[in-house]
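Q: What follows is a protein structure lacking sequence information:
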């Protein structure tokens, strides 16, 4: 039947149908992942790959292209970017100093060690892989950008996914759990800083003058956010919260996230950094009220919009395009990724007095990459730093390293003897009893880290 709609209306209709398929497939595979003791994000990533050329595209007629035509994909990408910046706002907002303070010395040691080793191994691997991936879409990739990106991609730990794994395994209030959260929080901030540098490096084309200009503008932007925007946000939140004008506040926050993302894009670094820093300077008080009236609605927005990001990612993953030598490279990528994080975390953990079991679990948790890795990979593709085959291999690496944690983690009972209950962490119920009004202290770590969706 021939459609009577205009071409533009048809594209929008196809986009809406595609989003519906993405949501339902992600929901189905996300639940299946939970049954396999995997975080939901594993199922959602696989859903994106299944709907792309790797699986659906292999059927006669290339069903993937029919469901997601080329002229519809820019619309899907636009929707996914909205979900992505809202998610990054949530990541910045969820960063709690309370997570780090009780373990600051050990957390810094674990984080820096795992990042340094993973970054160094990633840079070393890049020298081996670069001759085979020196161009993307017909454009030459500078070695410095490629190698620095590989180091940053190997260094990342997915804080939201790690938190959900701890919650699912009832390890949130164990010594290894609280230390993993603190280390991952530091790790995430450092990883975003490294990625911001790579983004600026590529945007400047390696020109020192342009890079210095981007650095100067970025420093001014950070100063503006902390010295001007932060106090203004605090005053705005208290004023509108006290008069129950939550809808107005929600709209203004979303506008602020988008404007901050626009500004970092203009400066020459990716939009996600603007969203992250806007969330970072967002007030945490009154914690309970903000969680109910702001965090939950924004998380729900991400819950609907962010799965579109997975199909945009999945459309760029073509496992069938990999050949013999590529699988050798894939094995090296996975091995280097695991070695960097496992050895980098286990070493300082043992020196700090943790048992072998706890140290192994800490290494596995620091090795989870999940959604955070996909964000970095998509930024790299948008900057022209990765070709299609390398993108596919890195997505597979993110899946493998994240999937390893659940089955290999020790059970809570096994850690009970060697992992005393943290004095500064507790369950949401305990936190609620200690702070019934929710206005005297930030949300408890076990509660706060579960607000970021979808994991």
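A: The structure has been received and is ready for your questions. This structure is a prediction, so every number in the text was calculated from the model and none was measured.

Q: and residue 136, backbone torsions?
A: The phi/psi pair for residue 136 (degrees, to the nearest 10) reads phi -140, psi 130.

Q: With the one 4 residues further on instead?
A: Backbone torsions for residue 140, taken as degrees, to the nearest 10, come to phi -70, psi 140.

Q: per-residue confidence for it?
A: Listed pLDDT for residue 140 reads 88.

Q: Now it: closest residue in space that isn't a chain neighbour?
A: Nearest residue to residue 140 in three dimensions, chain neighbours excluded: residue 134, at 6.5 Å (CB to CB, 6 or more residues apart in numbering). Quick note: C-beta positions are derived from backbone N, CA and C, even for glycine.

Q: in the helix or strand harbouring residue 124, what counts as buried?
A: Per DSSP states H and E: residue 124 is located in helix 104-129. Buried residues in helix 104-129, defined by neighbour count with 16 or more other CB atoms under 10 Å: 106-107, 109-115, 117-119, 121-123, 125-126, 129.

Q: What's the mean pLDDT across that helix?
A: pLDDT averaged over helix 104-129 gives 90.

Q: That one - contacts with which helices or strands?
A: If contacts are counted by 3 or more CB pairs under 8 Å, 6 or more residues apart in numbering; DSSP states H and E, helix 104-129 sits against helix 143-155, helix 175-203, helix 324-351, helix 356-366.

Q: Using TSV, lay out the ones you listed together with mean neighbour count, distance to residue 276 and mean pLDDT.
A: Output for those, formatted as TSV (neighbours: other CB atoms under 10 Å; distance: least, CB to CB, whole Å; pLDDT from 0 to 100):
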stretch	mean neighbour count	distance to residue 276	mean pLDDT
helix 143-155	24	15	89
helix 175-203	24	6	81
helix 324-351	19	22	93
helix 356-366	24	20	90
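
Q: nearest to residue 232, of these?
A: Nearest to residue 232 among those is helix 175-203; the distance by CB to CB comes to 22.9 Å.

Q: list the helices and strands the closest one packs on?
A: With contacts defined as 3+ CB pairs under 8 Å, 6+ apart, helix 175-203 has these neighbours: helix 97-100, helix 104-129, helix 143-155, helix 159-168, helix 208-224, helix 271-280, helix 356-366, helix 370-382.

Q: how far does that helix sit from the chain's center?
A: 10 Å (CA atoms, centre = their mean, to the nearest Å).

Q: Stretch 81-93 now?
A: 9 Å.

Q: ditto for stretch 110-118
A: 18 Å.

Q: before we move on, back to that, residue 379 is nearest to which of the helices and strands packed on helix 104-129?
A: Set against residue 379 and scored by CB to CB, the helices and strands packed on helix 104-129 come closest in helix 175-203, at 6.4 Å.
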